[in-house]
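can you look at this prediction? I've put the sequence above it.
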Amino acid sequence: MNDLNFRENMEHFAVATALKYFTEDPDKGLPKLLDWADKFDRENVAIGQRRAFRKVLDDPEGNWYRLIKSLWTDIDPEVRATFFENFIVNTALIGLNRQNRAKEKYGCNIPWAILMDPTSACNLHCTGCWAAEYGNKLNMSYETLDSIIRQGKELGTYMFIYSGGEPLVRKADIIRLCKAHPDCQFLAFTNGTLIDEKFAEEMLRVRNFIPAISIEGDQQATDARRGDGTYQAVIRAMKLLQEKKLPFGASCCYTSKNVESISSEEFIDSLIAHGAKFAWFFHYMPVGIDAPVELLPSPEQRETMYHKIRQYRATKPIFTIDFQNDGEYVGGCIAGGHCYLHINANGDIEPCAFIHYSDSSIYEKTLLEAYQSPLFMAYKEGQPFHENLLRPCPMLENPECLRAMADHSGAHSTDLQSPESAEHLCEKCIPYAENWAPTAEKLWGCSHGCKGSSEAE
């Protein structure tokens, strides 16, 4: 047995040992689990996460500890144990070690997660969404999706996320993939309207699938963008999942039209009451020839989101991420395989769900070959795209970067209905980038100074 196989066998043995701590009462089991993680993470891959977790355990009255304890009261025990093994151990420990070895060996980015579209079909037509423009008849076969997962695991990726279209149009194949890869954690960005009793039972059976349900704030804001009746359908799905003790979260896109609703304390409290354990906030992106640029938030509105999400993160028992405003925690742009990439329903391998340009197809290249392609290597060499990590995106805040990378790599537009040149897209973003820059500099100055003081302490 070679050293690598021995190491991974020992890792799987350690998982079995650690699982017993996760089945204990959290007040007893969690400190033991952290002690185990300290010993297991010999290469200190997750040292930052372990330090943060230890701070959480030191404050049993805090919102984070309350959130963690709710996993014992609100989540099915077998689902909870599977989540621990697949997400915390396989994805965050074993996977990261394997990714780091592959990065060193191949000299390219290796993603922590792969986002892929099983289908371009969707049962809704939301304002400002490009998915419908892809056409509604594109599908990656089960065999193609399975191959992506198998290739990903070889390089250390154990986290796979579905988007679309509406991924639950492919319910049967999604469940089949969950069953075929019980060591992976699967998540889907879904509008939630196709979640029913039968599918919830399937989720309980496979135990490694979590939905992130799209919601725009209150009923008025959600239905205005997604169609009448959508809000109530979402709430019904959340109540069903809560009754079944299944974990789920919310996916929230903020625009100029819904910032007040989606940033409100009432909205956050409603998500918690309905059982959501996390909320991912996304900034609207003007992708597509006819994308309404008036939906872009103003600098003042984006700053509101910046402060509100940090406020809730410190006070509410729900895990919140603001993907545009949290760049300082992940080193800026996470795309291009730095943390994740996107494969659309046509098989085009794109650096980001919002960057619809590609120089690789899953039908023509392996994942590793795509990671080493000119476009992905341009991402690796360019990241971070700005020293102010509140200006992370090569499209939205640094449009000259995307334009240069697309030109250099020869990447083509992947929009099948109305191809949009990188120049056209970037021109739309220049005014936004210029308007946001002063606010970003102000916030970065404060955040960077505070962060430095905290670390010094």
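Looks like it came in fine.

check the gap between the residue nearest to Trp112 when sequence neighbours are not counted and Gln185 for me.
Excluding the flanking residues, the one nearest Trp112 by Cβ to Cβ, 6 or more residues apart in numbering is Cys339, at 4.9 Å. Placement of C-beta: from N, CA and C, glycine included. From Cys339 over to Gln185 the distance is 15 Å, taken as Cβ to Cβ, to the nearest Å.

next: Glu420.
Where Gln185 is concerned, Glu420 sits at a distance of 33 Å (Cβ to Cβ).

which of those two has more neighbours?
Gln185 (24 against 21; other Cβ atoms under 10 Å).

the more buried one against Ala92, yeah?
No. With contacts counted by Cβ atoms under 8 Å, Gln185 stays clear of Ala92, the gap being 9.8 Å.

shared neighbours of the two, which are they?
Shared contacts of Gln185 and Ala92 (Cβ atoms under 8 Å, 6 or more residues apart in numbering): none.

what residues sit buried inside whichever helix or strand Glu423 is part of?
Assigning secondary structure by DSSP states H and E places Glu423 in helix 422-456. The neighbour-count check on helix 422-456 (16 or more other Cβ atoms under 10 Å) flags 422, 425-426, 428-429, 432-433, 436-437, 439-440, 443-444, 447 as buried.

same thing with stretch 212-222?
Those buried within stretch 212-222 under the rule 16+ other Cβ under 10 Å are Ala212, Ile213, Ser214, Ile215, Glu216, Gly217, Asp218, Gln219, Ala221, Thr222.

got the end-to-end distance for it?
The straight-line separation of the ends of stretch 212-222 (Cα to Cα, to the nearest Å) is 15 Å.

with stretch 416-423 instead?
End residues of stretch 416-423 are separated by 17 Å (Cα to Cα).

what's the answer for stretch 180-200, then?
End-to-end distance (Cα to Cα), stretch 180-200: 18 Å.

now Arg66: how far from Thr73?
10 Å.

please disregard the earlier target; I meant Gln383.
In terms of Cβ to Cβ, Gln383 sits 40 Å off from Thr73.

and Glu300, by the same measure?
Applying Cβ to Cβ, the value for Glu300 to Thr73 is 39 Å.

low-confidence ranges in this protein?
Where the chain drops to pLDDT under 70, the residues are 1-24, 39-48, 123-136, 223, 449-457.

now the residue lying closest to Leu246 once chain neighbours are set aside: which helix or strand?
In space, and not counting its chain neighbours, Leu246 is closest to Met203: 5.4 Å by Cβ to Cβ, 6+ apart. Assessed by DSSP H and E, Met203 sits inside helix 197-206.

centre of the chain to that helix, how far?
22 Å (Cα atoms, centre = their mean, to the nearest Å).

elements contacting it?
helix 171-180, helix 230-243 (3 or more Cβ pairs under 8 Å, 6 or more residues apart in numbering; DSSP states H and E).

next, format these as CSV and append mean neighbour count and distance to Arg310.
Listed next are those as CSV, based on neighbours: other Cβ atoms under 10 Å; distance: least, Cβ to Cβ, whole Å:
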stretch, mean neighbour count, distance to Arg310
helix 171-180, 17, 34
helix 230-243, 18, 25
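
which one of those helices lies closest to Ile355?
Nearest to Ile355 among the helices and strands packed on helix 197-206 is helix 171-180; the distance by Cβ to Cβ comes to 24.6 Å.

downstream of that closest one, the next helix or strand is which one?
strand 185-190.

could you give the angle of that following strand to helix 171-180?
Calculated by axes from the mean of the first three to the mean of the last three Cα atoms, to 10 degrees, strand 185-190 forms an angle of 160 degrees with helix 171-180.

other residues contacting strand 185-190?
By Cβ under 8 Å, 6+ apart, the list of residues contacting strand 185-190 from outside reads 83, 86-87, 90-91, 158-164, 166-168, 174, 177-178, 208-214, 251.

strand partners (parallel or antiparallel) of it?
Sheet pairing of strand 185-190 (DSSP bridges) gives strand 159-162 (parallel), strand 209-214 (parallel).

out of those, which comes closest to Gly107?
The closest of the strands paired with strand 185-190 to Gly107 is strand 159-162. By Cβ to Cβ, the value is 22.6 Å.

which residues sit in contact with the closest residue to Ile213 other than its chain neighbours?
Nearest residue to Ile213, sequence neighbours excluded (Cβ to Cβ, 6+ apart): Gly192, at 3.9 Å. With contacts defined as Cβ under 8 Å, 6+ apart, Gly192 is in contact with Pro211, Ile213, Ser214, Ile215, Ala233, Val234, Ala237, Met238.

how close does Gly192 sit to His274?
Counting by Cβ to Cβ, the gap from Gly192 to His274 is 11 Å.

now for these two: what residues contact both?
Going by Cβ under 8 Å, 6+ apart, residues that sit against Gly192 and also against His274 are Met238.

that older thread, of Gln383 and Thr73, who's got more company?
The residue with more neighbours, out of Gln383 and Thr73, is Gln383; 20 against 8, by other Cβ under 10 Å.

what about the residue nearest to Gly156 when sequence neighbours are not counted, helix or strand, and which?
Nearest residue to Gly156 in three dimensions, chain neighbours excluded: Arg98, at 3.1 Å (Cβ to Cβ, 6+ apart). Using DSSP H and E, Arg98 maps to helix 95-106.

residues in contact with that helix?
With Cβ under 8 Å, 6+ apart as the test, helix 95-106 has contacts from 43, 45-46, 109-112, 155-159, 368, 371-372.

out of the residues you listed, who's nearest Leu246?
Met159 (18.2 Å).

residues touching that closest one, list them.
Contacts of Met159 (Cβ under 8 Å, 6+ apart): Phe87, Thr91, Gly95, Trp112, Ala113, Ile114, Cys184, Gln185, Leu187.

closest to Ala406 out of those?
Once Cβ to Cβ is applied, the member of the contacts of Met159 that ends up nearest Ala406 is Ile114, at 21.7 Å.

now the phi/psi pair for that closest one, please.
Main-chain dihedrals, Ile114, degrees, to the nearest 10: phi -120, psi 120.

give the contact list for it.
Ile114 touches Ile148, Ile149, Gly152, Thr157, Met159, Phe160, Ile161, Tyr340, Leu341, Ile343, Leu367, counting by Cβ under 8 Å, 6+ apart.

measure it to Gln220 for me?
Distance from Ile114 to Gln220, by Cβ to Cβ: 35 Å.

now swap in Glu369 and tell me
Counting by Cβ to Cβ, the gap from Glu369 to Gln220 is 48 Å.

try Met203
30 Å.

equivalent analysis for Phe376, please.
41 Å.

again, but for Ala250
From Ala250 to Gln220 the distance is 17 Å (Cβ to Cβ).

cool, Asp290 as well?
24 Å.

could you do Gln372 as well?
Distance of Gln372 to Gln220, given as Cβ to Cβ: 48 Å.
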